[in-house]
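Peer 1: Sequence first, predicted coordinates after that:
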Protein chains: 2
Amino acid sequence: MGNMKDTIRSIAIELFFRKGYFATSISEIAKGSGIQKASIYYHYKSKEELLFSILKATMDDLTHDLKENLAGIEDIESKIRAAVHGHVRFHLERQKENFIANSELRGLTAEHYRVIVEKRDEYEEIFQGLIRQGREQGVFADVDVKILSYAILTLCTAGASWFNPGGRLTVDEIADIYENFIVSGLKQGDAPGMARARHADQVLAR
Amino acid sequence: MGNMKDTIRSIAIELFFRKGYFATSISEIAKGSGIQKASIYYHYKSKEELLFSILKATMDDLTHDLKENLAGIEDIESKIRAAVHGHVRFHLERQKENFIANSELRGLTAEHYRVIVEKRDEYEEIFQGLIRQGREQGVFADVDVKILSYAILTLCTAGASWFNPGGRLTVDEIADIYENFIVSGLKQGDAPGMARARHADQVLAR
DNA sequence: CCGATTTTACCGACCGGTCGTTAGGCTTAT
DNA sequence: ATAAGCCTAACGACCGGTCGGTAAAATCGG
């Protein structure tokens, strides 16, 4: 913790995670950092800029990691598995930043919001491309790419809100569970079996 | 909109959804309701109580719906399908309230927070019971009940954050997609195929 | 190497504004 | 007359942000 700018940053991450962006005051961040609140403004020009710098770095690292994880992998199922595994890993290992990134976008100015959403879209498109490819190659069933990519990303991301480091399962074990769950979901066909038809009747009869 | 208490409530839901609880002021809610902000306090004794009443009603309705949806269904796969379908439906149809229920728990006092979390836990346990039953009956694979129940619930819930009423797909179409995705995920075995093993090697080699 | 100057990193005091909430009074329908 | 339903006015607390200033460190000219 040599430099104060990083200290402020990590205290802010901790507080934004625990109490939320709007419920966290500059003076709390200052108190946690061991300085006066005016001194925060030497390092960051506003509270919103502090939030933005956290979100921006998180999104950049996320996309960078994904590209790195995919490099050198050939077949599409392995690619999807690598992408999912890495996504889960990243979100569990950097739990707090990711939680903030998924819940505090409303704290951003219009321009900063646009920047973050662009980065998120870029990331999502890589994912959607993988699913589309898998579908075209016949590895995955004829699934709805958009809906399922949202589903998969949210699914993995959600880990960040309940994951307990040092709990029953390790990061890689959880990532494995998700990986299998998702791949088998992608491989399924759309043929509704008996059970499903029976259920539909029951629901419609209400 | 005969009565003012309900008007205030629905305006609050709209604003909490669009701007967040902390970023919404009492005077905005008052302005939207066409009264002065002091008049809000004739109907609700505090801003937090207004939030709590929204969340409480939402959770109560959710659990009530689930029990109703499960009544009379016998086999476990149909039960899970009904539960998932109903969960998605509820979250898409009452999108705003559910979004608030999933993002603004931090605005509650300690006691109110406890009440809502208890209701959520009760709901989750019904879901986990269904998965456990399906596993014991051999209908589902030997999956991790806790992790997958969290996964399933978050997955369906997430719809509330991106769903666009009047968009490409109807509520029931989306619910069907999720239903199939989840059931096939639950039925999968844990045997890693070739692709998965190959991928694991690549990741571990880094 | 030394003195002068600039830059870095911080502080205490304060500002304008907004917030949730309360007190008390005025209508209107019963 | 009574109470419901709403109003105006004001409160104290706190917020993000700015100001002028300061001590120490770094930089630079001779």
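Peer 2: Arrived safely, thanks for sending. Numbering: from 1, shown residues only, chains lettered A, B, ... in the order given.

Peer 1: Now the phi/psi pair for the residue positioned nearest the centre of chain A, please.
Peer 2: The centroid of chain A falls nearest to residue A:157 when counting by CA atoms, centre = their mean (4.0 Å). Main-chain torsions, residue A:157, degrees, to the nearest 10: phi -60, psi -40.

Peer 1: Does anything pack onto whatever helix or strand residue A:8 lives in? Which helices or strands?
Peer 2: Using DSSP states H and E, residue A:8 sits in helix A:4-19. Helices and strands touching helix A:4-19, by 3 or more CB pairs under 8 Å, 6 or more residues apart in numbering or on different chains; DSSP states H and E, are helix A:26-33, helix A:37-43, helix A:47-70, helix A:95-103. Glycine gets a C-beta too; all of them are placed from N, C-alpha and C.

Peer 1: do you know which of those lies nearest residue B:27?
Peer 2: Checking the helices and strands packed on helix A:4-19 against residue B:27 by CB to CB gives helix A:47-70 as the closest, at 22.3 Å.

Peer 1: Tell me which of the helices and strands packed on helix A:4-19 lies nearest to DNA strand C.
Peer 2: Among the helices and strands packed on helix A:4-19, the nearest to DNA strand C by CB to the nearest atom of the strand is helix A:37-43 (2.8 Å).

Peer 1: now that closest one, how far from the chain's geometric center?
Peer 2: Here helix A:37-43 is found 30 Å from its chain centre; the criterion is CA atoms, centre = their mean, to the nearest Å.

Peer 1: Also stretch A:29-38?
Peer 2: The chain centroid and the centroid of stretch A:29-38 are separated by 29 Å, computed with CA atoms, centre = their mean.

Peer 1: What residues does chain A have near DNA strand D?
Peer 2: Those residues of chain A that sit near DNA strand D, judged by CB under 7 Å from any atom of the strand, are A:24-28, A:37-38, A:41, A:45-48.

Peer 1: Take those and write them to JSON lines, including neighbour count.
Peer 2: Below are the residues of chain A next to DNA strand D laid out as JSON lines (neighbours: other CB atoms under 10 Å in any protein chain shown):
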{"residue": "A:24", "neighbour count": "23"}
{"residue": "A:25", "neighbour count": "13"}
{"residue": "A:26", "neighbour count": "17"}
{"residue": "A:27", "neighbour count": "12"}
{"residue": "A:28", "neighbour count": "15"}
{"residue": "A:37", "neighbour count": "14"}
{"residue": "A:38", "neighbour count": "10"}
{"residue": "A:41", "neighbour count": "14"}
{"residue": "A:45", "neighbour count": "10"}
{"residue": "A:46", "neighbour count": "12"}
{"residue": "A:47", "neighbour count": "18"}
{"residue": "A:48", "neighbour count": "14"}
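
Peer 1: Quickly check: the helix holding residue A:8 near DNA strand C or not.
Peer 2: Yes. Judged by CB under 7 Å from any atom of the strand, helix A:4-19 comes into contact with DNA strand C at residue A:4.

Peer 1: got the angle between that helix and helix A:95-103?
Peer 2: Angle, helix A:4-19 to helix A:95-103, by axes from the mean of the first three to the mean of the last three CA atoms, to 10 degrees: 70 degrees.
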